[in-house]
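In: the following comprises the amino acid sequence and a computationally predicted model.
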Amino acid sequence: MDKKVIGSSEMIINPDGSIFHLHLLPEQLCDRIILVGDPGRVDMVASFFDTKTFEVSSREFHTIGGTYKGKPIMCLSHGIGPDNIDIVLNELDALANVDFNTREVKEQHRTLTLVRIGTSGALQPELILGTPVIAERSIGFDGVLNYYAGRNEVSDLDFEREFCSFVDWNPQLASPYVVKSCHELVEQIGRDDMVRGCTISAVGFYGPQGRELRLPLASPGLNSRIEQFRYHGRPVTNYEMESAPLQGLALLMGHRAMTVCSIIANRVNTTASPNYKTAVKDLVKTVLERI
Ligand SMILES: O=P(O)(O)O[C@H]1O[C@H](CO)[C@@H](O)[C@H]1O
Ligand SMILES: O=c1cc[nH]c(=O)[nH]1
């Protein structure tokens, strides 16, 4: 069979040989990758590294590579939103699995380990501020995965049907997809100091997560229906904006991925913690020890 060759307009390589948005070179890529939303959080994560070998910044994508307790690792910021995850996963996968000289897909597949450490809003009253919640399952409200072949093969279609029927899903919105995190990675990172939950990736922070400021919502009762929904007895636990496309694309591309988020707001109790940074820092230290 002919090898797949990827065209110049499809995978854009910068004049310095780096990939278009991330500005990383193939030789800079590490197998262990911590993903965070905030470019500033990359400095905090890297402050725990024993060595720093490179630093690259381009738009919201800030990367520092180095070692942690002797293991090569890099931390990269993806910015806010599921659309950015489409860029980050495709470019990381290209760095790993495409030859930048010939543009051919490599015969030998390289598997990356991707752990996103984020912040999140709880949808169950018992999830107190500061709790780390692993997205054991993710529900994508964003639609990114729906653009890729094989979407149904990596998704839980029964969960999707039950969820859409229970919450009376508005057909004008993207069709939700439900994906599981890498079980082996969750076993490695998750202990009894983390809750295993089901996380929604929303396509925005305000209306798409049911927050009403000046504009009224199209479906004002959606969050309370989601809070009441159970799948095999288990609730939907929290909202953030990236875990589902990360998980879905990693499953399609053959990478190990998971997300763990610190709860910084509880949407049911209407509490919030603007001073959440200590809890996130503690979570970063824990993940670095276990990755
Ligand atoms: O703290 P991060 O990683 O950015 O995660 C969450 O915070 C942002 C919204 O405030 C979204 O990116 C959401 O997923
Ligand atoms: O409520 C929240 C808090 C953090 N991040 C989100 O996306 N939602």
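Out: Sure thing, it's come through. In this text, all values refer to a predicted model and were calculated from it rather than measured experimentally. Ligands and ions are numbered 1, 2, ... in the order given.
In: in the chain, what residue comes closest to ligand 2?
Out: Using Cβ to the nearest ligand atom, the single residue of the chain nearest to ligand 2 is Gly121, 2.2 Å away. C-beta here means a position set from N, CA and C on the backbone, and glycine is covered the same way.
In: now the residue nearest to that residue when sequence neighbours are not counted, what's its secondary structure?
Out: Closest residue to Gly121 apart from its sequence neighbours, by Cβ to Cβ, 6 or more residues apart in numbering: Ala265 at 4.2 Å. Of the three states, Ala265 takes strand under DSSP: H, G, I helix; E, B strand; the rest coil.
In: quick check: residues of the stretch 101-250 of the chain near ligand 1?
Out: Gly118, Thr119, Phe205, Glu240, Met241, Glu242 (Cβ under 6 Å from any ligand atom).
In: so Leu173 makes contact with Gly140?
Out: No. Leu173 is beyond contact range of Gly140, at 11.3 Å (criterion: Cβ atoms under 8 Å).
In: and the two? which has more neighbours close in?
Out: Gly140 (31 against 16; other Cβ atoms under 10 Å).
In: wait, the more buried one sits on Val179?
Out: Yes. With contacts counted by Cβ under 8 Å, Gly140 reaches Val179, the gap being 7.1 Å.
In: anything in contact with each of the two?
Out: Ala244, Gly248 (Cβ atoms under 8 Å, 6 or more residues apart in numbering).
In: the top helix by length along the chain near ligand 1 at all?
Out: In terms of residue count, the longest helix belonging to the chain (DSSP state H) is helix 82-97. No. Applying Cβ under 6 Å from any ligand atom, one finds helix 82-97 separated from ligand 1 by no less than 8.6 Å.
In: just to be sure, Gly121 is in a strand?
Out: Yes. Gly121 sits within a strand when classified using three-state DSSP.
In: I'd say it and Ser262 touch.
Out: No. Applying Cβ under 8 Å as the test, Gly121 and Ser262 come out as separate, 10.8 Å apart.
In: report pLDDT for the residue in the stretch 1-150 of the chain that ligand 1 sits nearest to.
Out: In the stretch 1-150 of the chain, the residue found nearest to ligand 1 is Gly37; the distance is 2.0 Å by Cβ to the nearest ligand atom. Looking at Gly37, its pLDDT reads 98.
In: can you name the residues of the stretch 151-291 of the chain that neighbour ligand 2?
Out: Residues of the stretch 151-291 of the chain lying near ligand 2 (Cβ under 6 Å from any ligand atom): Phe205, Gln209, Tyr239, Glu240, Met241, Ile264, Ala265.
In: highest neighbour count among those?
Out: Met241 (29 neighbours).
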